[in-house]
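S.K.: sharing a model that was predicted from the sequence below.
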Amino acid sequence: MSAVTETTLFIFGLIALGYVAGVTGYLKVEVGDGLSAFAVRVALPLLLFKTLTRADFVGTPWGLWSAYFCSVIVAWTIGHLITTRLFGRDSQAGVVGGVSSAFSNLVLLGTPFMLGVFGQPGFEQLSLLIAIHLPIMLMASMLLFEIYGRKQGDAFEPISFLRFFLAQLLRNPLVIGILSGLLWRLAGLELPQLAGRFVETLSGIAAPLALFALGLGLKKFGISGNVGPAVVLSCVKLLLMPAVALAFAWGFGLPPLTAQVVVIAAGLPSGVNSYLIAVQFKTGQALASNQMTLATAGAAVTMSFWVMIVHLIYG
């Protein structure tokens, strides 16, 4: 068995274990909420903090960001049009369809996957993407909901919008971990030994804990209606978006590791953020939930395919 196959089976096996624990009632769904909260609020921010303080980044990440977000724009646009034109939903539901088609689960699933397939260098590349991914995707979602959800005659207030956006962003633990790591790096400080042990220990459990919590959380979301749109949007997310990312990575002439990270990041299934955005704006909750569940299940196959493709192309 190849290392990539073993890593893929291990990662999705942990997700499956979490799901089975929820389906059988061995663990309550509320346990998954607690595990996810710990992973997102403590373990993963510390992992990002540690990576950004220690990583040896070479060059600028403009190529990485450009190739990835070009694929985001294509997938988001197509997802929006499929939801509104093909399935006849309103424009707000179209925003949910777009974000579900383009918002990769870079943290809960992407972190352990990159560490398992590409090691620490691959995760360092992913960290550069995570650093701007959430702010950009959150602002894009909020802007589109502001455009499509505003009643006729209501004026757009940029100051209020910016204040609300910054409040949402700066309360996010992942953003706090990223900013703290960057500031610590710029200051050139060393972590005290005891603090370093805390960071190492807690960040070390981030990946397996996040995967198990993700699987357990899928039991809560389940599948309830809107299966057709969810299947089509999952195909956009798992097949079209990484294909577009590969085309841009090739066109921009990205280095092999960077190109591989871009494609695999684009091929990750949608995360819970698409559902949370739908809940926040009170539209498309079932669509986002179903799409996230189906895409996560389908990714067990498609991720192996994309890893094989990038290894064939880039070695």
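M.R.: Everything's here; your move. Numbering: from 1, shown residues only.
S.K.: so where's the stretch 101-250 of the chain uncertain?
M.R.: For the stretch 101-250 of the chain, the stretches flagged by pLDDT under 70 are 149-156, 222-226.
S.K.: helices along that one, start to end?
M.R.: When assigned using DSSP state H, counting those that start in this stretch, the helices of the stretch 101-250 of the chain occupy the ranges 110-149, 158-170, 173-187, 193-204, 206-221, 227-235, 241-251.
S.K.: just put those in CSV and tack on mean neighbour count.
M.R.: From N, CA and C alone the C-beta is placed, and that goes for glycine too. Below are the helices of the stretch 101-250 of the chain laid out as CSV (neighbours: other CB atoms under 10 Å):
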stretch, mean neighbour count
helix 110-149, 20
helix 158-170, 12
helix 173-187, 17
helix 193-204, 13
helix 206-221, 23
helix 227-235, 20
helix 241-251, 21
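S.K.: and those helices: which comes nearest A286?
M.R.: helix 227-235 (8.5 Å; CB to CB).
S.K.: and the closest one, how far out from the chain middle?
M.R.: 18 Å (CA atoms, centre = their mean, to the nearest Å).
S.K.: likewise for stretch 13-28?
M.R.: The answer for stretch 13-28 is 21 Å, by CA atoms, centre = their mean.
S.K.: of the helices of the stretch 101-250 of the chain, which is nearest T258?
M.R.: Among those, helix 110-149 comes nearest to T258, with 5.8 Å by CB to CB.
S.K.: quick one: the closest one to helix 206-221, angle?
M.R.: Relative orientation of helix 110-149 versus helix 206-221 (axes from the mean of the first three to the mean of the last three CA atoms, to 10 degrees): 50 degrees.
S.K.: how far away from the center of its chain is helix 110-149?
M.R.: Centre-to-centre, helix 110-149 and its host chain are 5 Å apart (CA atoms, centre = their mean).
S.K.: same question, stretch 33-42
M.R.: Centre to centre, stretch against its chain (CA atoms, centre = their mean), the figure for stretch 33-42 is 15 Å.
S.K.: quick one: end-to-end distance for stretch 85-97.
M.R.: Stretch 85-97 has an end-to-end distance of 11 Å (CA to CA, to the nearest Å).
S.K.: and that stretch, what's buried?
M.R.: Neighbour counts over stretch 85-97 (16 or more other CB atoms under 10 Å) mark F87, R89, Q92, A93, G94, V95, V96, G97 as buried.
S.K.: what does stretch 65-81 give?
M.R.: The neighbour-count check on stretch 65-81 (16+ other CB under 10 Å) flags 65-72, 74-76, 78-80 as buried.
S.K.: can you redo those residues as TSV with distance to E146?
M.R.: Shown next, in TSV, are the buried residues of stretch 65-81 (distance: CB to CB, whole Å):
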residue	distance to E146
W65	24
S66	26
A67	28
Y68	24
F69	20
C70	24
S71	24
V72	19
V74	23
A75	21
W76	16
I78	22
G79	19
H80	15
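S.K.: please flag which of these sit within helices.
M.R.: Counting by DSSP state H, these place 65-72, 74-76, 78-80 in helices.
S.K.: closest to F10 out of these?
M.R.: Nearest to F10 among these: Y68, at 25.3 Å, using CB to CB.
S.K.: want to throw the buried residues of stretch 85-97 into JSON lines with secondary structure?
M.R.: Shown next, in JSON lines, are these (DSSP: H, G, I helix; E, B strand; the rest coil):
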{"residue": "F87", "secondary structure": "coil"}
{"residue": "R89", "secondary structure": "coil"}
{"residue": "Q92", "secondary structure": "helix"}
{"residue": "A93", "secondary structure": "helix"}
{"residue": "G94", "secondary structure": "helix"}
{"residue": "V95", "secondary structure": "helix"}
{"residue": "V96", "secondary structure": "helix"}
{"residue": "G97", "secondary structure": "helix"}
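S.K.: closest to F164 among the residues you listed?
M.R.: Distance to F164, by CB to CB, is smallest for V95 among those, at 16.5 Å.
S.K.: I'd assumed L143 was in contact with the closest one.
M.R.: No - using CB atoms under 8 Å, V95 makes no contact with L143, being 9.5 Å away.
S.K.: list the contacts for the residue most central in space within the chain?
M.R.: By CA atoms, centre = their mean, the chain has its centre lying nearest to N105, at 2.1 Å. Taking CB atoms under 8 Å, 6 or more residues apart in numbering as the criterion, N105 is in contact with L214, L268, P269, S270, G271, V272, N273, T296.
S.K.: hmm, 10 Å instead?
M.R.: Contacts for N105 (CB atoms under 10 Å, 6 or more residues apart in numbering) come out as 111, 113, 210, 214, 237, 265, 268-274, 292, 295-296, 299.
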